[in-house]
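*Asks:* Give me a 3D structure for the following:
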Amino acid sequence: MFIGAINCENDTANKVKNQLNGEWGSVPDTARHYKANAVKWVAVGDENYGEGSSREHAALEPRHLGGRAIIVKSFARIHETNLKKQGLLPLTFDNPSDYDKIQPTDHISLLGLKDLAPGKPVKCEIKHADGKTETIMLNHTMNQQQIEWFKAGSALNRMAELKH
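*Replies:* Coordinates of the predicted model:
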């Protein structure tokens, strides 16, 4: 899970700062710590996110470890679909330069997800370590069925809901 991605904070693969305890650790261990503490998280990436990934597994791990959304400039086509099936929200910056506004210590809030609808942008609030906030807009390509997958936690979870 992201073990090959280079962290912009330290130019190192698989080494991130845990925002809860300040310790540096591997990405999977940090995500497990967040999950154990009921902290939802998002991943922020650059262009063509998911290219060369191990398909479904690359979407399954972030969801399993408490990830809620992936925010990027662009997605590799098939990987975006895999994220949707796993119940993750694949979002792209409405303005690609907004990528540069996000810092590793920021807290990100995705607002209005109860009203998520096809074609409706998502408002994102970025709270910086200095207390300042910025609001940006994010886009998605989800249809109504895929939104139901997100709300249920995955396509399989939604199928189970419909069975009852």
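*Asks:* from the chain's centre, how far out does the worst-scoring helix or strand of the chain on mean pLDDT sit?
*Replies:* Sorting the helices and strands of the chain by mean pLDDT, DSSP states H and E puts strand 6-7 at the bottom, at a mean of 74. On the basis of C-alpha atoms, centre = their mean, to the nearest Å, strand 6-7 sits 16 Å off its chain's mean C-alpha point.
*Asks:* which residues sit against that strand?
*Replies:* Thr12, Ala13, Lys15, Val16, Pro104 (C-beta atoms under 8 Å, 6 or more residues apart in numbering). C-betas here are computed from N, CA, C, even on glycine.
*Asks:* Ranking by neighbours, what's the top pick from those residues?
*Replies:* Val16 (21 neighbours; other C-beta atoms under 10 Å).
*Asks:* At which residues are the helices of this protein located?
*Replies:* 27-36, 56-64, 77-85, 144-152, 155-163 (DSSP state H).
*Asks:* What separates the first and last residues of stretch 70-88, distance-wise?
*Replies:* Start-to-end span of stretch 70-88 (C-alpha to C-alpha, to the nearest Å) is 7 Å.
*Asks:* Now do the buried residues in it.
*Replies:* 70-76, 79-88 (16 or more other C-beta atoms under 10 Å).
*Asks:* What of stretch 85-102?
*Replies:* Applying 16+ other C-beta under 10 Å to stretch 85-102 flags Lys85, Gln86, Gly87, Leu88, Leu89, Pro90, Leu91, Thr92, Phe93, Asp98, Tyr99, Ile102 as buried.
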